[in-house]
Every structure is written in structure tokens, then in C-alpha cells.
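A.B. asks: Based on what follows, work out the 3D shape:
(chains A, B and C)
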Amino acid sequence: MKDSYLKKLTDIPMEDYLVGGHVACQGCSASLGLRLALKVLGKDTVVINGSGCMTLLPVYPTTPLRVPWIHLAIENTGAAGTALYYALRRKNIKANILGYAGDGATYDIGLQSLSGAAEKNIDMIYICYNNQSFGNTGHQRASSTPRASSTSTTPGGKVEVEKDMPAIMAAHRIPYVATACPSYPVDFLNKVKRAAEVKGMAYIDLLVPCPVGWGFDPSEGIDIGRLAVRTGIWKLYEIVDGRVNLTYIPKKRRGVSEYLRAQGRFSHLSEEDIGAIQEEVDEAWEGLEARGYEYEIMV
Amino acid sequence: MNTRRMITGNGAAAWGARLARAEIIPNFPITPQTAIIEEIASWIASGEMDADFLPMESEHSVQSALAAASSAGTRVFSATSSQGLMLMTEMMFVTSGLRLPVIMVNVSRGLSAPITLWSDHNDVLVQRDSGWLQIFCSNNQEVLDSVVMGYKIAEDSEVLLPMMINLDGFTLSATREPVEIPSQDEIDDFLPAYNPTHTILDPKYPMSMGGAVFDEYMYFRSQQRMAMCNSKDVITDVCAEWEKMTGRGWACGLVEPYCLEDSERALLICGSESATLKYTVDKLRADGEKVGMLRLRTMRPFPCEGITDALSDVEKIGVIDQDISPGSGGIIATEVKACLGRSVTSFIAGLGGRRIGVEKYEKIFGRLGQDVEEWIF
Amino acid sequence: MRAGDRGRGRGDREMRIINISYDGANGVPVIREPASALKNNTGTWRVFRPTIDSDRCVRCGKCWVFCPEGAIHVSDADIWIDYDHCKGCGICVNGCRFITAQREV
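C.D. replies: All right, here's what the predicted structure looks like:
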């Protein structure tokens, strides 16, 4: 690992480019994710936002940002990034282009535009802050919503399995794809650093537990994220050149019920349902173990 | 040095963008516009034009890219048509709301369903309230001139609104006409480089754009209305300057009167159909009939003063609409009635490229003043 | 850019805007002052007030990293909470033995 990479929490830069005073909810992990990402990307960064919770960070006439920020609409973060890449090049402005959009804006309505930018391999960092629902409108079902999760539009629990967005992005043969969670900030920020270093498009799927939508106390966001990883439900990995590499392997996986029972959105599940989810997770990890936690997903 | 060439309306649009030194060209193909972006692509490939050609994945993305690149302070250009313009609708309001002087050509084409390739003005008029300046061109020379003038108008600090320049599909887009192409030096003197201060995306001057507002919303919207009002003088001034340079002033920008001085009957029209109507006016005048025409050049800003001045002494007025609002009738007729505050006969004709022609114009003049409010030809 | 209340063109007749203007606004919805949100006191949202026992604090940095508001400040010598912007989410309290919460009065 290069020297410039972070090894411990206190290696994280002090400077904040996203400050307080904004109207994100108490305990919002999405604003935390942006705050952390900007720490390592630094002041020479332009943020493009797709409509969602984070769109309400700048509310006229005040902004919590110290870097340029533009929001156009929900479904065009990729297109705006493409244009901005060329425009900044023409203006001789050297800056990281950070797309920061929610999962609804990424997995669903913005997929076409993101795919266009990925196919062109635009040199930008795209972080999907994934709260597994249309969060800003009040936690409606999205294609990122995991199976069994209840939402305001799937009160009985979602039937379908969520989209494998990192695999879709990897299929564009972009140089860097990763998943992350702000509960593991060193892992997350090293991935952001790597994303900034690669030439071309980098995609990071950032799991951001949402107290309001998922139904837990605002003080528990970091714990919930940690449980998502330690139970093996949210896997932390990178995909480089079609090769998946797990960056965190829980030594002893915790039972999924610990994660599921902590959230209102899974409160309707029976012990049987939870058992079935546990079986699925176990099976997936046995497969991963058999492959040495590293495998090709593309030919 | 100026050159004169036989080029299509699409070619003229592309020349306008090239002379104006547009830097970023996001695009998506759609009939009958595609030849514009193909021409630009070939110039960029051959090194004759210095711009970035961005093939996008949809028109929505094209408009998003226009807005983003313009926000960063580059001069942008694109072209679209019909369904493509419809897909852009959401972003049209964003571009004007952020006060970005984007120039986009629309090659008008009727809207689906049923799907058609031929021209009418419904696509443009759907965007009537989007906060874009809208110019209707009557010939290929006007297309080139309007694109270059468009940047000067849109980028004026008292305007700062995007502009859509409309040319009729096929009748102009695919028809060759002699077009005077000004020299690059001449245009460089006329149109300075775009260096905005109202929007920049530069870490040296961090701004937040496109954030939410509360009560201020009405302030910003009313300022767009203000900018539209201001644009009338700017259009007139820029056209006057252009006339001095090229000899073509396009009747000072907003409306073009034709034989109205002693007219008893007159028709208001926009776009390329005005050429046939002029011919008809000449023909009827040769027979001693006192008829005239008024061509609406800008739909937005709506030139109510110009229309009032030109038509106040005309007894019978008709409006030709190449568009239809099924619940109301001709869209432009409705606006003209509201502006003049008197009775105006509405003629809806030429939808989906249906031929109008001299005979039909003669019939329309004949029906002017009969006790019917709306005719669909 | 000019901001005004009268449309040009036909002078006063065409349009007049009554009583809609903002100090410093120039018609473009852009926010030019970086970090100006610090003027907003989101500390009023707080129900539970976190307090750091700075004598026992080991400066591990966890609370500072995980604060979504960036409201915890650390230096080698000191650690403190910016109560004007702490919304009282309790993430820091949950993550540290030396931070306690009391109900605001």
C-alpha cells in the first residue's frame, strides 16, 4: 500500500469542505459520506449532485460547501460530469469531478446517463450514496432496495432482489469500482483516493444507513453500517480490471438478525424469514471463501 | 473574406456555431436535425473547428451537458428537433433558470403520435414558457445570422437567457439556398469570447449552483421575466449592429412587416412559410387587392408593441398557426388576440408539413373577415 | 447583471415588478459565499447535548471523524463541540465512553 494511503483514523485530513449549518437530518450518513470524501479530494474538487437528500445542502442564500457545487436534476449526474470534464479542460482548470447522487438517481432514473459517462470512461469519481430507497421523498421502493425491506410503497416488504449496480458498472470496463460504508472511513477514503488517482471513471457504491427511512435512532447510524458489514450483508470490495477483491473479511460473521432486528424496515420479518436470509448470506460467503475472496467477474 | 455558398438550413446552422466559436457540442441524432451535428463533427475531425464533440445518450443528457458546460463558462451549441426537444423539457427550465446563455437550434417537426417527420411548430411552442428566447427563421441566411447574433444577445448581461433558433424541417433544413458566410475575422470582432462572471465552476471561486430556494423563488422567476423584457432592446441593438456589418438587419429583430402600409387585410405568420405568403401578397396586390403580411420573428420575447404598431390600421387580421392546441385552437392566434384586444381570425394550417401553397393562401385571404373564428385547413 | 423592477423596451408600460427583490441578489440563483451555512444555527435542533470529558479523552479522533455536521473540533491540546451546529444526533455519544448526553433544558 502506498504511503499516501490512510492507515488509521487520525490520518484523515483535518480540513472540512462541507461544514455544518445545513438541513440534512440528524445523524445523516450521506452528508457524513460527502464530508469525508471531500476531506481527501481536497479543495480542487467540483461536485455535481443529482437531486435527492443532498440537494438540500445549499439552500439559498447559504451553502455549507467550500468547493464548487452544481445541481441540475435527478437523472443527469453522468451527463453533467461528461460535459464538465470537457469544459474544465477547456478552461485549464485542474479539479476532481465528484458526482454525488443517491441510489434512486443512480440505479434507477439516472442509469442511462451514468452508463453514457461510464462508456466514455469520463475521468470523474461517481459516489452513489446508497440508502437503499428513494430517501428524500420518504423511503419509497427503488431497485436498490434489498429484498424483504419494507418501504412506504412496499409495506409488506420488497419481493425482488436488488440490482447489482457495481457489477453493472464493472461491465462498462471502467478502471475502478468499489463498495464502501462511512462506518469504515479508512477503507472508504482509501477507495476515494484510489478513485481520484485512476484515469477514467471510478464508481463507489456507498452504503449510508438512513435513520428516518430504515427506522433506527439517529445515534446508531455508524453501528448499523458496521453491522451491515460484519454480518456479511454489505460486502466491502473493489473491482479492478474485472477482478473482485474483498477489502474487508469479517473474521467471525455476526448473525444477520442482529442487523435486521435493529431496523424498523425489517420489523415484519419472522424468525423463519430471518433464517432464510441467514442461509443466503452464509451460502454467498462460503462461495467467496472457496474462491479465496478474490475472483474474476468478467472475461 | 466573405464567401457565398449554396448550403442547406442545417449547413447554415452549423456555420453559425463554427463562426461563433462554440466550444462544447453535446449532441444526439434526430431527423431532420442530424446533418447539423454531422457537419460539425466533420469540421472538428478535419481541424477546421476547435470544439469538443460530445455524443450523448439522449437529448435529456444533451440539454444537461449544455447546462453543465455553460455553467463552467464555455460557449456551447447543440441542435435538436421534435421528440428530442420534448425529452429535453425538464432541463430547458433548468438552463434558463440558472441563466445560462445556451444557443440551441431546433429543426421543427410535428409531434408524435402519429409519428411524422415533417415540419410544424408544436414542438417549439411546447417550450414557449420555458424561459428561452425563441427565434423563427424564414430562410437559411437568417439561420446563420441568428445563431451568431444569438450568442451576442443571450450573453448580454441584461439578458443571460438561453435562445432557441427555429428553422423549419426539410423546407429549410434540407433545401439549399445561397448563403453569405461572413469571415471569421469579422465575426471575431463582432462577438467577443465568452467569459462569464455570473456562473463559474472553478475551485478558486467556489459557488453553489442549483440549490434550493424558499420565498426567493418568485424573485428569480420574475427576474427572468425582466430579462425577457430587456432582451427586446438588446435584440434590436444587435440586429442593428449586424445590419451595419452585413447589410442584413432582419427588420430590427422582432417582427418583419411586409406591404402593411395601406393594407386592409393582413396575415401574421412565422417561419419559412412567410416566403410563399409574400409571393401571394405580391400576386394579390398586382390584382389591386390591399393585402399584407407580418412575420413574427421572435415568439419569446413576444413583440406585442411591434405587432400593435404594424397592425393597428389593418381592418381584418388573420393568424396562420402551424400548430394546434386541441383545447383552444391556434396558439399564436390566442396570443395575438390577447395582445391586440380585438377580433382576429385563426387559421390552422400546415400541420405535419401539409402543403399550404399560394392557392390556399389566396383562399385564406378570401375567408378573412367571415364570421368564423377558427379555420382548420 | 442588472436587476430592476421595470422592463425596458416600452418603458413602464409593459411590466412592473412590485415588491419582489432581495438584497445582494443579482437575478442568478447562485450562492457565492463558501461555508455561509455556518450562519445558520442548527444547534437549535438538539434535544440531547453531548459533553466530552476532555480530561479522560484520548484524542482517538472517532467522534471527530463520524460527526455528520463536522461540529467536533480537535487539536493536539484540545477537543470541543461547536454547539451552534451540533444537531444532537448522538453518534459521538454512542461511539465513546467519555462523551455523555444530557437533555437540553
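
A.B. asks: Excluding chain neighbours, give the residue nearest to B:A67 in space.
C.D. replies: Once flanking residues are discounted, B:A67 sits nearest to B:T95: 4.6 Å by C-beta to C-beta, 6 or more residues apart in numbering or on different chains. All C-beta spots, glycine's among them, are computed from the backbone N, C-alpha and C.

A.B. asks: pLDDT score for that neighbour?
C.D. replies: Per-residue confidence at B:T95 stands at 98 (pLDDT).

A.B. asks: Look at it and give its secondary structure.
C.D. replies: Classification of B:T95 using DSSP: H, G, I helix; E, B strand; the rest coil returns helix.

A.B. asks: wait, doesn't it sit right on B:Q63?
C.D. replies: Yes: proximity of B:T95 to B:Q63 meets the contact threshold set by C-beta atoms under 8 Å, at 6.5 Å.

A.B. asks: tell me the contacts of residue 54?
C.D. replies: With no chain named, the answer covers chain A. Remark: with contacts taken as C-beta atoms under 8 Å, 6 or more residues apart in numbering or on different chains, A:M54 is in contact with A:24, A:30-31, A:34, A:100-102, A:129.

A.B. asks: my bad, chain C
C.D. replies: Taking C-beta under 8 Å, 6+ apart, one finds C:78-80 in contact with C:S54.

A.B. asks: Could you turn the buried ones of these into a PyMOL selection?
C.D. replies: Entered in PyMOL, the line below selects the buried ones among the contacts of C:S54, by 16 or more other C-beta atoms under 10 Å in any protein chain shown:
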select buried, chain C and resi 79
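
A.B. asks: how about a markdown table for the contacts of C:S54, with distance to chain B added?
C.D. replies: Formatted as a markdown table, the contacts of C:S54 follow (distance: C-beta to the nearest C-beta, whole Å):
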| residue | distance to chain B |
| --- | --- |
| C:D78 | 29 |
| C:I79 | 28 |
| C:W80 | 26 |
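
A.B. asks: still on that earlier bit, what separation is there between the residue nearest to B:A67 and C:I20?
C.D. replies: 22 Å (C-beta to C-beta, to the nearest Å).

A.B. asks: Looking at the two, which is more packed in?
C.D. replies: B:T95 (27 against 14; other C-beta atoms under 10 Å in any protein chain shown).

A.B. asks: Roughly how far does that one sit from chain C?
C.D. replies: As judged by C-beta to the nearest C-beta, to the nearest Å, B:T95 and chain C stand 12 Å apart.

A.B. asks: picking that back up, tell me which of the contacts of A:M54 fall in helices.
C.D. replies: A:30-31, A:34 (DSSP state H).

A.B. asks: Which element, helix or strand, includes B:G366?
C.D. replies: For B:G366, the host element (DSSP states H and E) is helix B:357-367.

A.B. asks: Just list what that helix packs against, helices and strands only.
C.D. replies: Under the contact criterion of 3 or more C-beta pairs under 8 Å, 6 or more residues apart in numbering or on different chains; DSSP states H and E, helix B:357-367 touches strand B:265-269, helix B:273-286, strand B:316-321, strand B:345-348.

A.B. asks: who touches it?
C.D. replies: Residues contacting helix B:357-367 (C-beta under 8 Å, 6+ apart): B:265, B:267, B:276-277, B:279-280, B:283-284, B:289, B:291, B:318, B:320, B:345, B:347, B:349, B:375, B:377.

A.B. asks: Give me the next element, helix or strand, following it.
C.D. replies: Per DSSP H and E, the first helix or strand lying C-terminal to helix B:357-367 is strand B:374-376.

A.B. asks: any idea of the mean pLDDT in that following strand?
C.D. replies: Strand B:374-376 comes out at a mean pLDDT of 95.

A.B. asks: where does the stretch 51-200 of chain A come near chain C, residue by residue?
C.D. replies: Contact residues, the stretch 51-200 of chain A versus chain C (C-beta under 8 Å from any C-beta of the partner chain): A:57-67, A:182, A:185.

A.B. asks: what does the stretch 151-300 of chain B give?
C.D. replies: Applying C-beta under 8 Å from any C-beta, we find that the stretch 151-300 of chain B lies next to chain C at B:157-158, B:160, B:198-199, B:205-211, B:213, B:216, B:218-220, B:222-230, B:232-233.

A.B. asks: again, 7 Å this time
C.D. replies: Residues of the stretch 151-300 of chain B lying close to chain C (C-beta under 7 Å from any C-beta of the partner chain) are B:157-158, B:160, B:198-199, B:206-209, B:211, B:213, B:216, B:218-220, B:222-223, B:225-226, B:229-230, B:232-233.

A.B. asks: Can you list the buried residues in the helix or strand encompassing B:G150?
C.D. replies: Assessed by DSSP H and E, B:G150 sits inside helix B:140-154. Using 16+ other C-beta under 10 Å as the test for burial, helix B:140-154 gives B:140-154.

A.B. asks: now swap in stretch B:342-358 and tell me
C.D. replies: Applying 16+ other C-beta under 10 Å to stretch B:342-358 flags B:344-354, B:356 as buried.

A.B. asks: Distance from the helix holding B:G150 to the middle of the chain?
C.D. replies: Here the centre of helix B:140-154 is set off from its chain's centre by 9 Å, with C-alpha atoms, centre = their mean, to the nearest Å.

A.B. asks: Give me the contact list for it.
C.D. replies: B:7-9, B:12-13, B:15-17, B:19-20, B:75, B:101, B:103, B:105, B:133, B:135, B:137, B:159, B:161-163, B:165, B:167, B:172, B:177, B:179-181, B:187, B:191, B:231, B:234-235, B:238-239, B:242, B:248, B:250 (C-beta atoms under 7 Å, 6 or more residues apart in numbering or on different chains).
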